[in-house]
Every structure is written in C-alpha cells, then in structure tokens.
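Asker: sequence and computational prediction follow.
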Amino acid sequence: MNEFEYRAPQTLAEALADYSAHPSAKLLAGGTDLIVQMRAGRKTPDVVLDIKHIAELNELSYDAAKGLTLGAAVPCHIIHNSDVVKREYPALAELAGIIGGTAIQGRASIGGNLCNSSPSADSIPLLIAMGAICRIASAKGERTVPVESFCTAPGRNVLEPGELLVSLQIPAKSKGTGSYYLRFIPRNEMDIAVVGAGVEVTLSDGKISAARVALAAVAPTPLFVTEAGAALIGKEPGSEAFEAAAQAARNAATPISDMRGTVAYRKHLCAVITRRALEAAVAQAKERQ
Amino acid sequence: MSTYSVIGTRPIRHDGADKVTGRALYGADLQLAGLLHGAILRSPHAHARIIKIDTSKAAALPGVRAVVTADDLPDSGDRMVDLGEGETPLSFIRGNVLAKGKVLYRGHAVAGVAAVSAHVAEQAANLIQVEYEVLPCVLTAPSAMADGATLLHDNLMMKELGQNTGKPSNVSEHFRHLMGDPAAGFAQADVVVERVFDTATVHQGYIEPHNATALWNNDGRVQIWCSTQGSFVVRDATACVLDVPVSQVKVTPMEIGGGFGGKIPVYLEPVAALLSKKSGRPVKLLMSRRDVFEATGPTPGSHIRVKLGATKEGKLVAGEAYLAYEAGAYPGAMVGPGAMCVFAAYDIPNIVIDGYDVVVNKPSTAAYRAPGATNAAFATESVVDEIAEKLGVDPLELRLRNAAKEGTRRADGPKYPRVGCIEVLEAMKNSDHYKSPLTGPNQGRGVAIGFWFNVGLPSACTIAVNADGTVTLVEGSTDIGGTRTSIAMQAAEVLGLPAEKVQPTVVDTDSVGFTAVTGGSRTTFATGMAAHDAAQDVVRQMKERALKFWKMDAATPVEFAKGVFTAGDKSITWNELCTKQARTGGPVVGRASVNPRGVGGSFAGAIADVEVDPETGKVTVLRFTSVQDAGKAIHPSYVEGQMQGGSVQGIGWGLNEEYYMSPDGTMMNSSLLDYRMPTALDLPMIETIIVEVPNPGHPFGVRGVGEANIVPPPGALANAIYHAVGVRMNSLPMKPSAVMEAIWSK
C-alpha cells in the first residue's frame, strides 16, 4: 500500500470543499472495497477522504410521502436491523444481510456498493427494481440520477471528479407491492453472484400493474431489463407471465465467460433466477395487499 | 473392555488455553530487536527467460537494507541432493526459492528485499526492473506431454521405465506397476468399464499464510522461526540451499495454522536468511494469500484413465490405470503414491498401472493430505460404482466382495499386513446413515472408499520427572490436530498419570533429537511410540531409584502398577518417589528415539447424500458420514476432528475448489473469496464412525488417521450426483456449471 494523506471532514460542505481541492482523492466510507483495492495495489490514491462522519451520509429516515432516505454511508447492519426498513422494504433489509459476512456488514454500505459499480454488485438490481434515485452533490451543486443510469462500465459511474453520492431516495411502496433480490452463488454465503436478479411487482385486481426487473453480473453494468417488466404488466401473476419475463431477461443478458460461469450457463441462470425472484416477490406482494 | 485408563479418553488439550485466548505465538507474531521487514518480487509471467535484473533503484531507496537475487545463492552445478524424497538436482530446489535464468510459473520468486518497514520493502520490490523474454506456457499434463510442447527445463531428461532416455522432456518419469496378466484378466470379465477423468489443481487452503524470520549471526549461526510441519526439514533444506552445515542452522517451529502437507517445503526461510546475512539484522517475510496460492505448492491436477473388469458374480478380475499428474514447475507430482493407491482398496489379481510425472507452468506442487490418492480414488470409485450398477449389486456389497485384506498384494509389490478395509465397509453398511431412506426428488446417495499409508521415520523424545509428580515431555513434532496431547497421553498411560500431569512441549532443533515431519499420518504413531518408549525408560529408572531409596539390591524385581512401586514388602507411590530423586542420583530423565517399521496404513470410507438443483446444477450435501480405521483411537475427539477435516477438504475438492487459470497462466481466483472452499454454511455436520482394527506394529495399536479421510469424498459425491440426477461427472470440481452442462448433454 502506498503512502497517502487521510482526511476526515465532519460536514458535507467541508467534504465537498476538500474533494473539490483534491479531485483525485478516493472516498472511504466502510472501506470494504477501497482498502482491499489499495492493499492489492489496484488503487494508489494520494488522498483518502473519509466521509463516514458526515450527518447527511448517515441519514436513515422514512416518510410516507417521500419514502426512504438512505444515507450513502449507512452500514448494512443498521439497514438490516432497522424496523422501518424491515417493515416497508423487507427485500432491502434482507439484502443488507447477504452482502459480505457479519463483520463486513458492520462497515460496508449500500451507497459504497453502488459507487464501487461492480457489474456483480448485489444491491444495485434491487435498487433499480425499487426505483431508487441517487442524490449527488459537489461544490458546484446537486443533481439526481436514477440508479439504473448510474453505472457506466465495470467500476465506473456518472460521478464526476468532486462529486459524491449523498443518499438514495427509495419511493414509498404502495400496498400490493413486493420486491425481491435473488442471486445464484455456488456457496451458500460469502460469494459473488454468478447471476443476480432484483425484481419489484405491484398487484392490483389480481393482475400485475407495475413491474421492474434488473440483473447483476450479466453485462458490463447492472442491467435494467425493461422488456421483462413490460412482459409482466397486465398479466396474471403465474408461470406464463414469469416465463415470459424470464426469457426477456435471458435475451437481454450479455454475459462473459469467466471463472464464475460461461455465457450459456449465465444466460440460462438469468431465466431461472428471474423466475424464482418473481415468484418470491409476488408472494410478498400478496402478503402486503 | 478397554484396559487403558488414559488412552481412548478425551482430556482437554494442553495448548487449549493458549489457543482460545489468542496467546499462542505464530510466526507473524514474532518481534525481535532491530527486525527488518521483507518483500518478495514475483514473476508476472508463467514462463519467461530472465534477461536482466536491475536492483539498483531498489537498493537506493531510503530505508532499504538488503536486496537479494538468485546470484546470492551458491552455484548448484549438476549436484544432486536427497532431502528425503529421493535424488533431486540442487538447482531445482534452489531455483524454486529464487528463480535463476528462467521463471517457470506466475508468482515464482525473483528477488527479495529487506527494509525498515513492510511498505518500504514492497515499494522497493516494485522498483526492481526485470527484463523478461516471455515464452509460451503449458498448463496441463496432456498439453505438456504433447509433441512439440514448450519445454520447461533443458536439463530434465525423461526416465522411461527406469532407464534415462537422455531425451529432454516435460515428462520427468514414466513408470509402470504390472501384476498378473491384465489382458487375460479382462478376457475373463463379463463387464468392463473404462472412463477418463480430469481433476483440477487444488490448494490445501491452510488459514495461516507462510512466514519466516531469520537471523544470520556474526558467528555464522543461522536462526529461523517459521510455520512448518517439520523443523528439521526446514533446517536441512535451508542448510542445503545456503550451503552451510546443518549444525549451523537452528529452527524454532512456531505454532502452525494448518499445513496439510503444504508446509513441508521451504520458500521464504533461505531468502530471509540471505537478507539477514546482507543486512546484519533479523528479517521477517510474510506471504499474502495471493502469494500462498500462486507460489506455494498446491496438489497436482491430473488426467486419469481407469478401466476395470468384473465377472458377472461381481469379482474384479482386471484393472488398468493411466495416471498423468502435473508436478508444477519441478518434478515430483506425487503420481507415485497415486499409482500405489489407485486400486489399493481392492483385491484384483491382474493389474497394470502407468504413471507419468509431468512438469507444467504452475507452482511446484507439494504434498496435500494423502497426496495423489484422492485424484486416483475419484476415478476408481466412479468406475466401481458404474460396475455395481451394471451388475445390479449394492455398491458396498461389490466393494466387500473385492475388499483388500491381510495378504492381498498391491500392484506396486507389498502384501498387506492386518488392515481394516472390510471392517470399514461393514461399518458403512451397518450405519444408521446407510440404512436411512432418502427423502425427496433429485436426491442421491453415493459411497466410496480410499486408502492411505502411514510412514514411520525417526522421532525422538525425552521425559523429565518433576518433584511434584508431574513430568515434562519434550518432542519435536509440530502440533497439528492435537498431537501434543495424543503423544502426551501415550506417555501418561505408561506412567499411570492423568494426561494433564504430562506437560508436552514442542522444541527447536537444538533441543531434541532429529524428528521427521508431521506428515504421512505418522506423528501420533511414531512420536507417540517414542513417548511410550521414553516413558518406559522413566519407569525403568524409577524402579532403580526405588531400590536405591530402599537400599535394596539393584537386581531385585520391582512392580509398577496403579502409581505404586512394589518390591517384596516395600512399596512407595509414584508421587513420593518423585520427591526422592535428588537423594537417589539426581533428576530422572527418560529418553527414546525410534524409526518404526510397523506402520499400519488406514482405510476410510464416505457416505454422501446430495440434492442437485436440476435448474442450476448446484449440489447440496444433505448428509455425510466418514468412517475410518484408527487402529486404536488415542484421543477420539481428535480422530473425529481429522475425519471431519479431511471430509470437508474432500468435499471442497469435489464440489468447487480449483485453480482457474487464464490461458497465459494466471490464476484468476487467487483469493479466498473466489477460491471456493466450503464454509460452515455449505456443509452438514460431518458424522463419524471410528473403526478400530489394531495395528500390530504399535504398542497401543495406533494407525495414523490424518489423511485417508480426504480420499473417498469426491468419489462418493460423484456417485451421489449420479444417483440423484443421472449424470456421471468425470472431472473435478463438480461445480454447478459443470453439473448443469452434464445435465444438458444427458
């Protein structure tokens, strides 16, 4: 690991000023990606900005109109154990419990998982499915970006030098809405998704009135599969609709062959995992009607 | 009924408190005055010629105290040395420590640096400029054996059936075991099954990475502290690499966080010593996990063909095996033991086995728990299962009809003494597990059996008697799996003491007689025998002391039973006599050294229930039972621990572990995240059944139990997968994608 300057701003304004003065700095929240990358020599920043002390990045609040405000540095264990998240966004609470092991969850954040922008990130498909919006700030001002437009390439995203992710806004969920994230991993825990699927469905009058499907680990970025959602809307929740969405997911995927699976295997899993995730989300939606 | 008071009980281990409170000292914990920290520069290429190494920038970096390359090692010439595994060119041993002329695998050590901090050392290592001429690489045995394959070594001549061909080759040796008339045997067979198998390179996966600290003193004495399975092995190998007498090297074995065979070779020790010599300071070297994967010995990948013939009555009449094992960068692929074990569980009259030791551009392989046997058993046990199916015979019944027993001759020559193969198979058959039904669709049950040797080799031990009635036991075997306690228990049994009154200590190479490696399932057997004999020496001396104390004739017979010495009407307790040592001639010290011949050999079996997800190919192990012949279980908990540990490693090997190599020879999954060893969440509780068929060659009947348990799991899992979803998996690992592809091509 190289020598670097460590700065720990205490306010958002201070952080944005620091970042604007050191645009090549790397941001440290939980550090569960950054420190590993630095130790492996893959990142060699001159300045590390520790942003986990900033109030806005630690906000976790719910408002029936605005939905959930999830600060970018809120660690997974807080999310996993939050009563409001468990009640309003059970899939998110569950997701926060499968990223890394218990020790990692004490530090790792959903915001960090998003900003690391790995194609296989577990949190991103569910954030896309749930319609989450990124609140991004820099010394020059603020902007919002939907999560599905955030990642641009493996490890890359829309953040410009000096810009940081402050929080995620997740809309409040109406009755009859169910969400689910399912990943396929060869082990049962502590593994990287071969394929992951985040889905959200809303049921009204026995039919699917809204649906969003996103995939992990099958494209250079997490993949928002609008065709899969479209294949579900207006249909009765059942194997025929699920199969149509699953095939849309398979067709949209453009995976590579690597140590985690071949192209053919991953495309096949897209369909299987999407279908299984939809079955779980619909079951949850029925419970919440 | 056991006549023992200590053997077979489960006392608390002597090192338990230190281990659970974090006080046990491992190599990385070591701090010495003036300690420097080292780094190793490793090859980024799998195969390249080293044109030039320029260390000037590294040496000039502030804080750097020494830089070394292969040029700092003595010249090897054509010298051959024997470090216990046969004659090997010294250039190979030194070449694996620091590459000379060529790098042969990615991760191959090229240079070492010592500096005031680990960060400076790492920075300096990156300033070393190496000019390489990159060469094509060969990564599997079949490709390395192909005509026109790139050669790793110009001076490696193929040995063909004992004759040096004088032909440079990646095949260092082809040997054959032939027994009976295989062609005639196959002609008698009603059923013949022949299958080809491939197994991936896998790593032992010990939790503690390699480490070494060395201090080359001004008087020429070299001290080493390291994590090793054998302090004397490190002493001898380091002395050989550095060209100093063994008496000049003192090795202190620190506690070990796992070895499984992989902590026998030296990697860091000679480099740390050279850096210390140059800098005049102690130097510590630590490996990262990636270094461990890329630069220490995994176990060979292999390409195997097995053919078996049986009569319709279910008698195996002929066997043929072809085994090509990847040695990694230097010869020594453990194909020898693989060939000895491939049919070791069976009484087959006609056998031919061909073994090939093949070098490839991967790290030089090392031992791994029953090295060579697991690959071979995976193949044989799969074929045996297929024959049982074709004959309509229960797979355990077929194995029982053909099981090796006392007098069975193995194809490599030896006849078995009393062995427990049949007893293990019967215990499997009678187990609750085997009698229980499967409970759902896509479930299957598989069985397999395996054999592994025990070795003897030298061990020494001394026991000093304390005035308070306790004894201190000094031995040289690295404690793996509780061997301190299982050794101490054997002395305690002889001395009539509870285990906690024997305090065992593992000491450095200056403080005990030569003791061979903790490996080959030998430690509880051989060092335990030394402890038994040393305790008998103590009893003999204590009897003499009793006579002296009683002022009786030295020839008077003395009885020792239940802690009391008796001669005629005189008697004295052990405890009381312990207080009389000073006035009867000074402290009593018993000693023994052994090089035992009566090694047992151990059979192990596995029963595996799996459920296969037919849509993803993922295999879930529902239930798993390990059965093993321990001869006599000294400490049953540690025997069970070995059986469970070996089973888990075998399951990992079977289902997910592999070196996933890029075409240019880079291991793509060199982290514990991507090298998928099973976690506790991936396994059921491993059930154990200890079988005890005493080994006549040991005073308590011990058979070493460290290894045979890893041999059957991959075969048992492959058979279970077949019975679950109808696909025969012929390559390891049987990872989800591979199982899915097999289902697709069904």
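Answerer: In hand now; what should we look at? Numbering: from 1, shown residues only, chains lettered A, B, ... in the order given.

Asker: only C-alpha atoms from now on, for both contacts and neighbour counts.
Answerer: Noted.

Asker: assumed B:V539 was part of a strand.
Answerer: No - counting by DSSP: H, G, I helix; E, B strand; the rest coil, B:V539 is not part of a strand but helix.

Asker: helices of the stretch 201-350 of chain B, residue ranges please.
Answerer: Secondary structure of the stretch 201-350 of chain B, counting by DSSP state H, counting those that start in this stretch: helices at B:231-242, B:269-279, B:289-295, B:335-341.

Asker: got CSV for those helices, with mean pLDDT and distance to B:E658 too?
Answerer: What follows is the helices of the stretch 201-350 of chain B, written out as CSV (pLDDT from 0 to 100; distance: least, CA to CA, whole Å):
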stretch, mean pLDDT, distance to B:E658
helix B:231-242, 97, 28
helix B:269-279, 98, 28
helix B:289-295, 97, 11
helix B:335-341, 98, 19
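
Asker: which of those helices sits closest to chain A?
Answerer: Nearest to chain A, of all the helices of the stretch 201-350 of chain B, is helix B:289-295, at 9.5 Å by CA to the nearest CA.

Asker: export that closest one as PDB, just CAs?
Answerer: Extracted as PDB, the C-alpha positions of helix B:289-295 are listed here (Å, rounded to 0.1, in the frame of the first residue of the first chain):
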ATOM      1  CA  ARG B 289      -3.000 -15.100   0.400                       C
ATOM      2  CA  ARG B 290      -2.300 -14.500  -3.200                       C
ATOM      3  CA  ASP B 291       1.400 -15.400  -2.700                       C
ATOM      4  CA  VAL B 292       0.200 -18.600  -1.000                       C
ATOM      5  CA  PHE B 293      -2.000 -19.500  -3.900                       C
ATOM      6  CA  GLU B 294       0.500 -18.500  -6.600                       C
ATOM      7  CA  ALA B 295       3.800 -19.500  -5.100                       C
END
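
Asker: okay, buried residues for that helix please.
Answerer: By neighbour count with 16 or more other CA atoms under 10 Å in any protein chain shown, helix B:289-295 contains the buried residues B:289-295.

Asker: what's the answer for stretch A:201-215, then?
Answerer: Result for stretch A:201-215 [16+ other CA under 10 Å]: buried residues A:201-204, A:207-215.

Asker: which of the residues you listed lies closest to chain B?
Answerer: Minimum distance to chain B across those is 16.6 Å, recorded for A:L215 (CA to the nearest CA).

Asker: and the helices in the stretch 51-200 of chain A?
Answerer: Secondary structure of the stretch 51-200 of chain A (DSSP H, counting those that start in this stretch): helices at A:76-81, A:83-88, A:90-95, A:102-105, A:110-116, A:123-129.

Asker: name the helices or strands packed onto the second one?
Answerer: What it means is helix A:83-88. helix A:90-95 (3 or more CA pairs under 8 Å, 6 or more residues apart in numbering or on different chains; DSSP states H and E).

Asker: run the chain-centre distance for the helix it packs on.
Answerer: 11 Å (CA atoms, centre = their mean, to the nearest Å).

Asker: not counting its neighbours along the chain, what's nearest the single nearest residue of the stretch 551-700 of chain B relative to chain A?
Answerer: Nearest residue of the stretch 551-700 of chain B to chain A: B:D682, at 5.8 Å (CA to the nearest CA). Spatial nearest neighbour of B:D682, excluding adjacent residues (CA to CA, 6 or more residues apart in numbering or on different chains): A:N188 at 5.8 Å.

Asker: neighbours around the one you found, how many?
Answerer: A count of nearby residues for A:N188, using other CA atoms under 10 Å in any protein chain shown, gives 15.

Asker: with the one 5 residues further on instead?
Answerer: Taking other CA under 10 Å as the criterion, the count of residues near A:A193 is 21.

Asker: wouldn't the residue of the stretch 551-700 of chain B closest to chain A be in contact with A:P186 here?
Answerer: No - counting by CA atoms under 8 Å, B:D682 stays clear of A:P186, with 9.4 Å between them.

Asker: between these two, tell me which one has more neighbours.
Answerer: It is A:P186, of B:D682 and A:P186, that has more neighbours when counted by other CA under 10 Å, with 25 against 18.

Asker: the more buried one touches B:N656, doesn't it?
Answerer: Yes - contact criterion CA under 8 Å: A:P186 and B:N656 qualify, at 7.5 Å.

Asker: which residues do these two both contact?
Answerer: Contact criterion CA atoms under 8 Å, 6 or more residues apart in numbering or on different chains; residues shared by A:P186 and B:N656: B:K735.

Asker: now, the most widely separated pair of the buried residues of stretch A:201-215?
Answerer: Longest distance between any two of these is 24.8 Å, between A:S204 and A:L215; criterion CA to CA.

Asker: chain center to the strand or helix carrying A:Q37: distance?
Answerer: Here A:Q37, judged by DSSP states H and E, is contained in helix A:34-39. How far helix A:34-39 lies from its chain's middle: 21 Å, per CA atoms, centre = their mean.

Asker: how about B:A403, nearest residue that isn't a chain neighbour?
Answerer: That would be B:Y346: by CA to CA, 6+ apart, it lies 4.7 Å from B:A403.

Asker: and that neighbour, how many neighbours does it have?
Answerer: Applying other CA under 10 Å, we find 24 residues neighbouring B:Y346.

Asker: look up how far chain A lies from it.
Answerer: Counting by CA to the nearest CA, to the nearest Å, the gap between B:Y346 and chain A amounts to 35 Å.

Asker: test my guess that that residue contacts B:A404.
Answerer: Yes - the pair B:Y346 and B:A404 qualifies as a contact (CA under 8 Å) at a distance of 4.6 Å.

Asker: quick revisit: which among the buried residues of helix B:289-295 gets closest to B:I449?
Answerer: Among the buried residues of helix B:289-295, B:F293 lies closest to B:I449 (CA to CA), at 29.1 Å.

Asker: need the helices for the stretch 51-200 of chain B, in chain order.
Answerer: Remark: helices assigned in the stretch 51-200 of chain B by DSSP H, counting those that start in this stretch are B:56-60, B:90-97, B:118-127, B:141-145, B:182-188.

Asker: in JSON lines: these, plus mean neighbour count and distance to A:I78.
Answerer: Formatted as JSON lines, those follow (neighbours: other CA atoms under 10 Å in any protein chain shown; distance: least, CA to CA, whole Å):
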{"stretch": "helix B:56-60", "mean neighbour count": "17", "distance to A:I78": "46"}
{"stretch": "helix B:90-97", "mean neighbour count": "22", "distance to A:I78": "48"}
{"stretch": "helix B:118-127", "mean neighbour count": "22", "distance to A:I78": "35"}
{"stretch": "helix B:141-145", "mean neighbour count": "20", "distance to A:I78": "51"}
{"stretch": "helix B:182-188", "mean neighbour count": "18", "distance to A:I78": "67"}
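
Asker: any idea which of those gets closest to B:Y675?
Answerer: helix B:141-145 (21.7 Å).

Asker: so for residue 197, what's the pLDDT?
Answerer: All of this refers to chain A. Listed pLDDT for A:A197 reads 98.

Asker: hm, I was asking about chain B
Answerer: Looking at B:F197, its pLDDT stands at 98.

Asker: so B:G332 makes contact with B:V360?
Answerer: No - proximity of B:G332 to B:V360 does not meet the contact threshold set by CA under 8 Å, at 11.4 Å.

Asker: looking at those two, which is more packed in?
Answerer: Each of B:G332 and B:V360 has its neighbours counted (other CA under 10 Å); B:V360 has more, 33 against 24.

Asker: could I get the full set of strands for the stretch 401-550 of chain B?
Answerer: In the stretch 401-550 of chain B, the strands defined using DSSP state E, counting those that start in this stretch lie at B:443-452, B:459-465, B:471-475, B:502-506.

Asker: deepest in the core, which of those strands is it.
Answerer: Neighbour counts (mean count of other CA atoms under 10 Å in any protein chain shown) averaged over each of these peak at strand B:443-452, with a mean of 29.
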